[in-house]
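K.L.:
Below are the sequence and a predicted model; questions follow.
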Amino acid sequence: MEWADELAARVSGPQVVNDSKTPSGTVNVGSLRGPVILDVITRALRASGHETTLLYGVDDLDAMDAQALLTPDAVERYMGVPLAHIPDQIEDGHASYARHHAQTFIDLFADLGIHPSRYYWMSDIYNTGDMDPYIQQALDRAHVVRDLYRRVSNVQHPDTWHPVLVICETCGRVGTTIVTKWDGDRVYYECRKDLVQWAHGCGTSGWVAPFGGRAKLPWNLEWAAQWSLFGVTIEPCGKDLATAGGSRDRSDAIAREVFEREPPINVPYEFLNIGGRKMSTSKGRGAAAHRIVEAIPPEQLRTLFIRPRPNHAIEFDPEGTDAIPRLFDEFDRLADATAGRPVKGELPPGSASIFRYALLDPAADIEAEATAFRPSFAHLAFLVQVPGADIPALMAAEKGSPLTLRERAVLDERLAAARAWLAAYAPDRARMSVHEALPDEARTLDLDQRSFLAALVAAAGGAGQPSGGDDWQATIFSTAAGVGLPPGRAFAALYLAFLGRPNGPRAGWLLASLDRGFVAARLREAAAADATMSPAGGGA
RNA sequence: GGGCCCGUAGCUCAAUGGCAGAGCAGCUGACUCUUAAUCAGCGGGUUGAAGGUUCAAGUCCUUCCGGGCUCACCA
């Protein structure tokens, strides 16, 4: 975690931190690693006294090149068209396909404590003409760009190729056009049928002035131009771009040789893997970012991204595992350590700053946050399944005093997350349900346990029948004592009879929540269940 | 084919070149009202493999094996 502080110590003067994203579709959780890293760097810079601007851009003039999210009839019409010019496929009020997906993603930022100083949309930037000087310069130095592509990336463009993409005046596509001439004012372009495989141009050709939003720079030049336009000093990027001879290398070279400026400091970061493989929404691996945040509150999600070094891939598999509960446990351990409470085991390196940077509010009172009462997530996931449990009261009892407003908010946040986790991710062993019929496992009950169940039917019937959870709980204990059965085995008998497992939620409240006749019938049934089997041998 | 990252306990990860460790999971035990909580204890390893440097290698060098990502078309 020291990486951010070390970076902050290395630079001098005001800083501009930038990142941008192409809104080509639904975004998965892994994509949030970039913004979180960005935010942590910004906080580290500000904490060490650097005046810092955080920019976040949307590359919405990029061509649509993924047809997965288009309706079949829209594919032919919109492939190759700038994302900003495609109608929203989901009619929920967004102006375009790009706005829809970018906004869905950006809306998560504030919830995650990420507050860029400014968002910019490249379609707007081009329209204002701010990019025109860079387009001009790129065209004037087209030969430099061609040479550099050949040298840095071994990409061989024809000698007539020019680094600008015109938006076709006829069909509106940008992914299918190629510029072959530049006279200093206008370019000659062709919208070709077979320039790329994934989209088909309309055949238009002609001269056009490539300014004011009528054309855009290819990605690598656009990136470098952003650095110059905004004065970017630090820009992290995913390792897909950071590879040798890859996108970042090209853009770095373009910045130096075309726009004559040193590229920003790079902080390459690894991805978030699911089951050892890259998370990919289109391949059905991993959850969409805006879905998984329902089960992982902001501070825990920040912890997930901040804990490892940026160049370490994160292994995270929330499906059917306890990965999410463990994330909460880890956060709580960091809080304990920060508050000076005893912590089991050793702490991860840089644990103090992990907690600090995981907090939502950079100006938060760290001491207060660390000492606040936080209920165990696993315990809550269990309690929300207990019928009728008064969880706030239970938590106040556990804490030993009433919850503060902040603690109550944490509790509510965790309860919501626990419900979302149980609904979408939890392994079956974390869920429980009352079986409709006597579970097979109830056949492993021994004679003492059956006697107990029979005695419980008797104790719970008639005039003195239990009226609530407390009452049932007391009855269970007294009945168990009456037949000389240790409470642990008595509870196990009840769980086996109703849930088919040897443990479960507080039995008194469970029974109180069920139909009285059903409870009595089940108890009798379990008490009478096949006794021909050896009590010791179980059910071989 | 080129590049980058990774490989340590069942899982997730630590270990300025100095006795291989934690959390979780697992197992055992304790608990008459938190009973999937809590507490106590236990087991768990040829650090992917082979060489080399060193008094000393999980760590540095070389080679190999395995996994992943990525570039070479576009962004």
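P.N.:
Arrived safely, thanks for sending. Residues are numbered from 1 along each chain as shown, chains lettered A, B, ... in the order given.

K.L.:
Which residues of the stretch 1-150 of chain A lie near RNA strand B?
P.N.:
Within the stretch 1-150 of chain A, the positions lying close to RNA strand B (C-beta under 7 Å from any atom of the strand) are A:22, A:59, A:62, A:63, A:65. Glycine gets a C-beta too; all of them are placed from N, C-alpha and C.

K.L.:
What confidence value was assigned to the first one?
P.N.:
Yep, that's residue A:22 we're talking about. Note on residue A:22: pLDDT of 87.

K.L.:
again, but for the third one
P.N.:
We note a pLDDT of 91 for residue A:62 in this prediction.

K.L.:
quick one, strands of the stretch 1-150 of chain A?
P.N.:
With strands called from DSSP state E, counting those that start in this stretch, the stretch 1-150 of chain A shows them at A:15-21, A:52-58, A:118-121.

K.L.:
So for the shortest one, what gets flagged as buried?
P.N.:
This points to strand A:118-121. A:120, A:121 (16 or more other C-beta atoms under 10 Å).

K.L.:
low-confidence ranges in the stretch 51-200 of chain A?
P.N.:
A:67-69 (pLDDT under 70).

K.L.:
Where does the closest residue to RNA strand B within the stretch 351-500 of chain A sit: helix, strand or coil?
P.N.:
Nearest residue of the stretch 351-500 of chain A to RNA strand B: residue A:432, at 3.5 Å (C-beta to the nearest atom of the strand). What DSSP: H, G, I helix; E, B strand; the rest coil gives for residue A:432 is coil.

K.L.:
pLDDT score for it?
P.N.:
75.

K.L.:
Now for it, how many residues are close by?
P.N.:
20 (other C-beta atoms under 10 Å).

K.L.:
Ramachandran coordinates for it?
P.N.:
Torsion angles at residue A:432 (phi, psi; degrees, to the nearest 10) stand at phi -140, psi 150.

K.L.:
For it, which non-adjacent residue is spatially closest?
P.N.:
residue A:499 (5.4 Å; C-beta to C-beta, 6 or more residues apart in numbering).

K.L.:
Over to residue A:382?
P.N.:
Residue A:382's closest residue in space is residue A:505 (C-beta to C-beta, 6+ apart), at 6.5 Å.

K.L.:
show me what contacts the one you found?
P.N.:
Applying C-beta atoms under 8 Å, 6 or more residues apart in numbering to residue A:505 gives the contacts A:382, A:383, A:385, A:386, A:387, A:389, A:432.

K.L.:
ok, now how distant is the first one from residue A:510?
P.N.:
Read that as residue A:382. 12 Å (C-beta to C-beta, to the nearest Å).

K.L.:
Which one's more surrounded, the two?
P.N.:
residue A:510 (25 against 19).

K.L.:
Would you agree the more buried one falls within a strand?
P.N.:
No: assigned with three-state DSSP, residue A:510 falls outside any strand and is helix.

K.L.:
Could I get the pLDDT score of it?
P.N.:
77.

K.L.:
How about residue A:463?
P.N.:
61.

K.L.:
Then residue A:480?
P.N.:
pLDDT, residue A:480: 85.

K.L.:
is it true that it touches residue A:490?
P.N.:
Yes: the pair residue A:480 / residue A:490 is scored as a contact, 3.7 Å apart, by C-beta atoms under 8 Å.

K.L.:
and for those two, which residues touch both?
P.N.:
With C-beta under 8 Å, 6+ apart, residue A:480 and residue A:490 have common neighbours residue A:452.

K.L.:
Sketch out the strands for the stretch 201-350 of chain A, chain order is fine.
P.N.:
Using DSSP E, counting those that start in this stretch, strands in the stretch 201-350 of chain A cover A:205-208, A:215-216, A:234-238, A:265-269, A:272-274, A:277-278, A:314-315.

K.L.:
got the contacts of residue A:505 as TSV, with secondary structure columns?
P.N.:
Below are the contacts of residue A:505 laid out as TSV (three-state DSSP):
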residue	secondary structure
A:382	helix
A:383	helix
A:385	coil
A:386	coil
A:387	coil
A:389	coil
A:432	coil
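
K.L.:
for RNA strand B, what are the nearby residues on the stretch 251-400 of chain A?
P.N.:
A:270-271, A:273, A:276-278, A:308-309, A:311-315, A:322, A:326, A:329-330, A:333, A:344-346, A:348-349, A:376, A:378-379, A:382, A:385-386, A:394, A:398.

K.L.:
which residues touch residue A:12?
P.N.:
With the criterion set at C-beta under 8 Å, 6+ apart, residue A:12 makes contact with residue A:50.

K.L.:
meant to ask about residue A:493
P.N.:
Residue A:493 touches A:445, A:449, A:450, A:452, A:453, A:485, A:526, counting by C-beta under 8 Å, 6+ apart.

K.L.:
Just the pLDDT at it, thanks.
P.N.:
85.

K.L.:
Checking it next. Helix, strand or coil?
P.N.:
helix.

K.L.:
before we move on, what SS does the closest residue to it other than its chain neighbours have?
P.N.:
Distance criterion C-beta to C-beta, 6+ apart; nearest residue to residue A:493, sequence neighbours excluded, is residue A:449 at 3.8 Å. For residue A:449, the secondary-structure state derived from three-state DSSP is helix.

K.L.:
Residue A:125: how many residues sit nearby?
P.N.:
Count around residue A:125 with other C-beta under 10 Å applied: 23.

K.L.:
swap that for residue A:440, please
P.N.:
Residue A:440 has 12 nearby residues by other C-beta under 10 Å.

K.L.:
wait, it sits on residue A:500?
P.N.:
Yes: using C-beta under 8 Å, residue A:440 makes contact with residue A:500 at a distance of 7.1 Å.

K.L.:
measure the residue nearest to residue A:312 when sequence neighbours are not counted to residue A:232 for me?
P.N.:
Leaving out its chain neighbours, the residue that sits closest to residue A:312 by C-beta to C-beta, 6+ apart is residue A:270, at 5.7 Å. For residue A:270, the distance to residue A:232 (C-beta to C-beta) stands at 22 Å.

K.L.:
Who has more neighbours out of these two?
P.N.:
residue A:232 (23 against 19).

K.L.:
before we move on, the earlier item: next up, the contacts around the residue of the stretch 351-500 of chain A closest to RNA strand B.
P.N.:
A:385, A:499, A:501, A:504, A:505.
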